[in-house]
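# with the sequence up front, the predicted model follows.
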Amino acid sequence: LGEAGEAGPGRHVLRDPIRNKGTAFSPLDREANSLTGLLPAAIESSEKQVRRAKIQFDEMPTPISKYCFLRELEDDSANLFYKFVAKHLLECLPIIYTPTVGEACVRYSELYRKPKGVFITASDKGRIRKILDNVPMEDVHIIVVTDGGRILGLGDQGANGMGIPIGKISLYVAGGGFDPQHALPVTLDLGTDNEKLLNDPLYIGARHRRLPDDDYYAVVDEFLEAVKDKWPACLVQFEDFSTRHSLPLLAKYRSKMLSFNDDIQGTGSVILAGLVNALKIQGTSAQDARIIFYGAGSAAVGCAQMIISLLVSMGISEGDARRQFWMMDSKGLLTSDRPDLDEMRTRAPHKLAFIRDDVRHQDATELLNVIKMVEPNVLMGLSGSGESFGKNEIELMQKGCERPIICPLSNPTSKAEVSAEKAYSWTGGKCIFASGSPFAPVTLDEKTYFPAQGNNMFIFPGVGLGAYLCGASEVTDEMFIEAAKSLAEMVTPAALMRGSLYPPLEQLLDISARVAARTVEVAVDQGKSKLDLAQTGDVLDWVKARMWKPPHHDEPIDVPWPSMHVTKATHAPQAAAVPEAEGLAWGADGIDTRSLPRREAGGDYYAATLTDGVNGDLHQVPVPEDGGAH
C-alpha cells in the first residue's frame, strides 16, 4: 500500500484502515493522495463521523449484527473504529468481546469476509520465520495468539477461534493504549477435533484432526522462536489454549520471552482484586476464607494460585493457605483416594497441588454435599458447564454465611454457573455477586442490584502495556498480584458500601494506565527492567504520555475555495526551496502548514506565491505552535 503519507492512487489510501480518514480528509489531503472526486464534498470532523456510525450501529437488530458492523468499521478505518469504541465503550465491550464474541467464534467461518491477522498451519513448519516477513507491519509490539483449543467455555473451535485474538487486540488498543499499527492477532491452526467443523463445507481452517503433542509443540516452538527473532521486544499473550497445553507453554516461555497467559494469570489477578473487596464487604479476613472452586482447569488453578500467593504475602504458610481451598472437577472433589488419581498425574498434573487427604471421595462427588461439609463463604465457578449452582446449593450456602460470595466466572454468559437474577433472588438480595460475562441489573422488591463483572480487561491491557513500555524481560506473578491490589484500591469506600467490587468500566483507560504504572514499578523493583525511574519522573504520567489514542480531526474553517495553485514555496529566512509543497492546492488567504516540512514551531514563516489563474500574490504565513491550518 506504500508508506504512510505517500501520494498515490486514492484507492490504496481508502483501502488502508490505518490511513483512511474517509470524509475527514482535508482538501489538501485529497489532492496529495489522489482522492479528489473519490469522496463526497463534505469535510467532516471525527465527532460527526462517530454520530453517523452510532445511527448505523443502533439500527443493527442483534448483537451479532452489531459485531459484524463494528468489524467492518475497523476494516474500513481503524481510527474511526477506536473513536467510536471510546465514545460508546460500555455498549461496545459486550459486542467486541464477551458474550457476543462467543457467537462470533462459533460462526466465524460463516461470517468470514476479509483476512485479518496471521494463520499458521502445520504445513508451514520449517518456514514460519519467512512467513512472518509477510506481515505488513514494520514492528509488532503485541501479539495475542490462540490455538483455538478451548475458546471461552465453547471448547475446540479450531481456526474459528481467531475471533478471540481479534477481540483481545481491540481491547489492548481501546483499553490499554497499544498502537493498532503494531498489534497482531494470530491463530495457530493445528487442526480440530470438532466434528461439526470438520464436516462443515464452509469451514475456513485446516481440515484435519489436532496434531499429536510432539508435532504440536514443534510448530508452536518454531512460531515463538520466529517471533522472538523478528520482534525481540514483542509481548506475546497466550489465549484460550487447552489446559494440557497452556500450562506447559507458560512454564517454558515465561522466562524466555515477554509473555503471559491471560486465562491463567489475568483471570487470577482480576478475581483476586474482586475477592479482596468482596471479603471486605462480607467482613471476613482473607485467612478465614473458605473457598470452593467448581472447575479445576488452568483458569481455576491460576485463580487459586494467585489467592494463595496473596495469603503467603500476608504471612500465612503455603500449606495452610492451600487448606482454605476445596477444588472440584467433573468427577467431584479432588481427593487423595480418587480412583482416577494415576490418570490425573499423567493428564492433569496441575490438579495435584489441590488434592485433599482429609475427605473421602465417595462423600464429595456432588457440589451440594461439598457445600454441606465445607460451609464455604466463597463459591467460584470455572467449569464452563452452564447452570450448576442450583437453588438448593445457594440456599444451603447462605445458611452458614449470611452474605455468600458467588462468582459464576465461566464465559460466555450462556456458560455461567448461575444467573445474577437467580443468585440475588435465592439469597434475598444478600449475596455478593461477580460474573465472568455481563449480566443486566436485577430489581427485587423495588431495589436494584448491579452485578459485578470480573472482567480480565481490568488487568491484561495494563499489565501488558506496562511490561512492554519498560522493556521488561519477564511478566511475573508479582506483577499480577500488585495489579490486583492496585485495582482493588481503585474502588472507593462509598462504592464498597454500595456493593461494588470493581471501579467503573468506563474508566478503563485510566485504570489500565494505573495498572501499567504499577507494573513498571514492580518490574524495576524485581530487576526485570533497566528503566531508570529517576529519569522518568512520575511513572503514571510517563505511561499516559505513551498510550496511543486515535487522532482527532476537526472540521475545516468554512472559507471560499477558489482554484488557487502553489507555484513556489520557500522557507524564510533561509529562503530554502520547499519542493514538497509545489503543485498542491491551498485554501484562500492561507495555507495548511501541517502539510509543509516542519522547521521550528512558532515564529517560522513560509513565503508562497499563489496564483488563481489571473493574479500572483506573495503571502507570508506564520507557522503556529500546533501546526494547524491558518
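In hand now; what should we look at?

# hey, let's count contacts and neighbours off CA atoms from now on
OK.

# least confident secondary structure element in this protein?
Confidence across the helices and strands of the chain bottoms out at strand 576-577, with a mean of 36, counting by mean pLDDT, DSSP states H and E.

# from residue 331, how far off is residue 480?
31 Å (Cα to Cα, to the nearest Å).

# neighbour-wise, which of the two wins?
residue 480 (27 against 12; other Cα atoms under 10 Å).

# for that one, give its distance to residue 321.
In terms of Cα to Cα, residue 480 sits 18 Å off from residue 321.

# same question, residue 376
For residue 376, the distance to residue 321 - Cα to Cα - is 15 Å.

# how about residue 280?
Distance from residue 280 to residue 321, by Cα to Cα: 18 Å.

# quick one: which of these two has more around it?
Using other Cα under 10 Å, the more surrounded residue of residue 280 and residue 321 is residue 321, with 22 against 15.

# need the pLDDT of that one.
pLDDT for residue 321: 96.

# check residue 569 too.
So residue 569 comes in at 42 (pLDDT).

# what sits closest to residue 486 if chain neighbours are left out?
residue 515 (6.5 Å; Cα to Cα, 6 or more residues apart in numbering).

# and the one you found, what helix or strand is that in?
helix 508-525 (DSSP states H and E).

# am I right that residue 13 sits in a helix?
Yes - assessed by DSSP: H, G, I helix; E, B strand; the rest coil, residue 13 belongs to a helix.

# neighbours of it, how many?
Applying other Cα under 10 Å, I find that residue 13 has 23 neighbouring residues.

# how close does residue 332 get to residue 340?
11 Å.

# over to residue 217?
26 Å.

# still on that earlier bit, residue 332 and residue 340: which has the busier surroundings?
Set side by side, residue 332 and residue 340 show more neighbours around residue 332, with 20 against 10, by other Cα under 10 Å.

# excluding chain neighbours, what is closest to the more buried one?
Closest to residue 332 by Cα to Cα, 6+ apart is residue 365, at 3.9 Å.

# the one you found contacts residue 329, correct?
No - using Cα atoms under 8 Å, residue 365 is not in contact with residue 329; the gap is 9.2 Å.

# so what's the residue nearest to residue 332 up against?
Residue 365 sits next to 331-333 when contact means Cα atoms under 8 Å, 6 or more residues apart in numbering.

# now tabulate the residues you listed in CSV and tack on distance to residue 541.
CSV is the format used below for the contacts of residue 365 (distance: Cα to Cα, whole Å):
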residue, distance to residue 541
331, 50
332, 49
333, 48
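
# which ones among those map onto helices?
Judged by DSSP state H, helices contain none of the contacts of residue 365.

# out of the residues you listed, which comes closest to residue 540?
residue 333 (44.2 Å; Cα to Cα).

# and the closest one, how far is that from residue 21?
In terms of Cα to Cα, residue 333 sits 57 Å off from residue 21.

# before we move on, what about residue 221?
According to Cα to Cα, residue 221 stands 39 Å off from residue 21.

# more neighbours: which of these two?
Counted by other Cα under 10 Å, residue 221 and residue 21 do not tie: residue 21 has more neighbours, with 24 against 14.

# list the contacts for the nearest residue to that one once chain neighbours are set aside?
Distance criterion Cα to Cα, 6+ apart; nearest residue to residue 21, sequence neighbours excluded, is residue 77 at 6.5 Å. By Cα under 8 Å, 6+ apart, the contact set of residue 77 is 16-22.

# report the buried members of those residues.
Using 16 or more other Cα atoms under 10 Å as the burial test, the contacts of residue 77 include 16-22 as buried.

# give me the subset of the residues you listed lying in strands.
Of the buried ones among the contacts of residue 77, none are assigned to strands by DSSP state E.

# closest to residue 161 among those residues?
residue 17 (22.8 Å).

# the nearest residue to that closest one once chain neighbours are set aside and residue 479: what is the separation?
Spatial nearest neighbour of residue 17, excluding adjacent residues (Cα to Cα, 6+ apart): residue 77 at 4.2 Å. Distance of residue 77 to residue 479, computed by Cα to Cα: 34 Å.
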